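In: Dropping a prediction and its sequence here:
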Amino acid sequence: MLNVGKIEEGFVLDHIKAGRSLDIYEHLQLDKLDCTVAIIKNARSNKMEKKDILKVECDIDMLDLDVLAFIDHNITVNVIKNGEIVEKKELTLPKQIKNVIKCHNPRCITSIEQELPHIFYLADIDREVYRCKYCEEKYMASAKWN
């Protein structure tokens with residue numbers, strides 16, 4: 001059995017769908033942070049059969065919870081201080097996301113004006129539907145991550 005030591009201060013992202021930890025690593029831009037990151041893939045789970053886990057030893061404020069919630073709002077965020085879990089954060093779908101996904105509508109202004117940010121707003125929380133701020137192009141939040 002693999003044993004990854006505990007961290008003293010940081011956060012643990014638990015209950016990540018198996019195989020998705022590298023996507024999360026990229027989108028949270030953890031490679032740009034000067035901190036220790038452990039990626040555990042395909043760990044056994046009673047709840048999910050298999051799951052991924054990310055352990056990050058740095059300040060929780062460096063984590064963009066909106067991006068994480070957009071990717072998968074079922075991920076458990078455990079905040080660690082002095083080697084112990086001090087808080088579990090619940091994720092909810094963000095009302096707006098910026099520069100996480102790109103609009104695929106070729107007639108959208110973002111296709112022509114390259115420097116414009118790609119902004120999507122939550123149009124339907126039950127179906128997890130986002131729409132482009134500029135052209136209303138529909139995007140299903142779960143489409144890319146399932």
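Out: Arrived safely, thanks for sending.
In: Residue 87 is in contact with residue 79, isn't it?
Out: Yes - A contact is recorded between residue 87 and residue 79 when judged using CB atoms under 8 Å, the distance being 4.1 Å. The way it works is simple: take the backbone N, C-alpha and C, and place the C-beta from them, glycine included.
In: between those two, which one's more packed in?
Out: Between residue 87 and residue 79, counted using other CB atoms under 10 Å, residue 79 has the larger neighbour count: 16 against 11.
In: partners of the helix or strand encompassing the more buried one in the sheet?
Out: Following DSSP states H and E, one finds residue 79 within strand 76-81. Sheet pairing for strand 76-81, assigned by DSSP bridges, gives strand 10-17 (antiparallel), strand 84-89 (antiparallel).
In: Format the ones you listed as JSON lines; extra columns: mean pLDDT and distance to residue 26.
Out: Output for these, formatted as JSON lines (pLDDT from 0 to 100; distance: least, CB to CB, whole Å):
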{"stretch": "strand 10-17", "mean pLDDT": "92", "distance to residue 26": "13"}
{"stretch": "strand 84-89", "mean pLDDT": "93", "distance to residue 26": "21"}
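In: Take those strands and write them to JSON lines, including distance to residue 43.
Out: Formatted as JSON lines, the entries for the strands paired with strand 76-81 read as follows, by distance: least, CB to CB, whole Å:
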{"stretch": "strand 10-17", "distance to residue 43": "9"}
{"stretch": "strand 84-89", "distance to residue 43": "17"}
